[in-house]
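Novice: take this sequence and fold it.
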Amino acid sequence: MPDARQPSSSRPRIALAIGDAAGVGPELAARLLADKEVTAAAEIIVIGDKRVLDRGAKVAGVTLDTDRAKLDDVIPASLSKPLLLDLGHLDPDSIPVGEISKGGGGFALENFKTAIALAMAGEVGAVTFTPFNKAAMRLAHPSYEDEVVFTAEMLGFDGTASEFNVLPTLWNARVTSHVPLSGVAPLITEERILQGLRLTDAAMRAAGFSPPRIAVAGLNPHAGDGGNFGQEEIRVIAPTVEKAKREGIVCDGPFPSDTVFVRARKGEYDGVLTMYHDQGQIAMKLIGFDKGVTLLGGMPFPILTPAHGSAYDIAGKGVANPGASHHALLLAARMAVPRTAEAGATFRSRRAALKH
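Specialist: Next comes the predicted model:
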């Protein structure tokens, strides 16, 4: 393998971590590496185990043409084809397809940690991964909560980050995320809403919107119906929307949550800020389940994955739809930050900086 030099390729470089080995992740990764539109848009470093990727390619019915490296190898400045970083850490025959296992979760975590290390070192400008299974991840790492918390802990990041759900022409952000519905209302504050609008504006601008038009959903039925069904819209949401406008954010609302996505789909808005998880998730998955992408926005570099899960019920059958994974990679290529890799550094030294 050639010596490393300063980055010279005009294509952004992206890390692709293979997700749960028992799910559809390996076959989706193989399809992406065989997708000429994807490989033309970005240099890809795929992270996993060659045996797992080979099984994924067999299931997907594709032939792969990749280079291969080990953990301590120095990465060339330019890649003419996808590069497999082979960690050699999982025999696929030890993981039953379609079943939750500690081994499957550990495999995915090691791949993800390595991808994050590459991004920390400036070797890649974005991180993507095929679907994880949270139950398997918790078997391997019991304190695992979600990707946002895990990544922030690894990076020592104490800034503002959030999940976005992204379709090709519509974005969804949320003020609260993985909290019980009974706990949502007290969290609907000016600070959180303004934080959500600022982050949404910044993330969408990074993806090419200039400026993004954001619709803000209400919390209560019919956006409170003038106070008949709740006061949050009057006391908190509407005044915060006006404050965000004064900052230069293009936003309107609050709108009733049962019609706000109708308006956005008609082209009136590019994104919708919802107050809680399912208020947006249900709408987005109904609109485009096979194309939905989850973006971890606000981190020092973009992190993206298909919005669907590991799909154990169809794993190994070769029928997994690659649409969402395809969209995730192309969006990552648009959002990737510039590389700043230093010659001679090794993956092992980069990973040593991680907290996990």
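
Novice: tell me how many other residues surround Leu181.
Specialist: Residues within reach of Leu181, counting by other Cβ atoms under 10 Å, total 11. (Each C-beta comes from the backbone N, C-alpha and C, glycine too.)

Novice: same question for Ala202.
Specialist: 14.

Novice: contacts only, for it.
Specialist: Gly297, Gly298 (Cβ atoms under 8 Å, 6 or more residues apart in numbering).

Novice: now do the helices in the stretch 51-200 of the chain.
Specialist: Along the stretch 51-200 of the chain, counting by DSSP state H, counting those that start in this stretch, helices occupy 102-120, 134-140, 147-155, 190-206.

Novice: which parts of this protein are strands?
Specialist: Counting by DSSP state E, the chain has strands at residues 13-17, 43-48, 67-69, 83-86, 126-129, 162-167, 170-174, 214-217, 251-255, 271-274, 293-297, 303-306.

Novice: picking that back up, now tabulate the helices of the stretch 51-200 of the chain in CSV and tack on mean pLDDT and distance to Gly271.
Specialist: Below are the helices of the stretch 51-200 of the chain laid out as CSV (pLDDT from 0 to 100; distance: least, Cβ to Cβ, whole Å):
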stretch, mean pLDDT, distance to Gly271
helix 102-120, 94, 25
helix 134-140, 90, 26
helix 147-155, 84, 18
helix 190-206, 95, 6
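
Novice: quick one, which of these is packed in tightest?
Specialist: Burial of these is given as mean neighbour count (mean count of other Cβ atoms under 10 Å); helix 102-120 ranks first at a mean of 24.

Novice: so can I have TSV of the helices of the stretch 51-200 of the chain showing distance to Cys251?
Specialist: Formatted as TSV, these follow (distance: least, Cβ to Cβ, whole Å):
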stretch	distance to Cys251
helix 102-120	30
helix 134-140	32
helix 147-155	23
helix 190-206	6
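
Novice: among those helices, which comes closest to Met299?
Specialist: helix 147-155 (6.3 Å; Cβ to Cβ).

Novice: can you show me the CA trace of that closest one as CSV?
Specialist: Listed in CSV are the C-alpha atoms of helix 147-155, where the atom choice follows Å, rounded to 0.1, in the frame of the first residue of the first chain:
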residue,chain,number,x,y,z
GLU,A,147,-26.0,6.9,19.1
VAL,A,148,-26.1,10.6,20.1
VAL,A,149,-25.1,9.9,23.7
PHE,A,150,-22.6,7.2,22.8
THR,A,151,-20.8,9.4,20.3
ALA,A,152,-20.8,12.5,22.5
GLU,A,153,-19.2,10.4,25.3
MET,A,154,-16.5,9.1,22.9
LEU,A,155,-15.7,12.6,21.6
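
Novice: give me the contacts around that helix.
Specialist: Helix 147-155 is touched from outside by 112-113, 116, 120, 132, 141, 144, 157-158, 161-163, 177, 296, 299-300, 303, 305, 354-356, with contacts defined as Cβ under 8 Å, 6+ apart.
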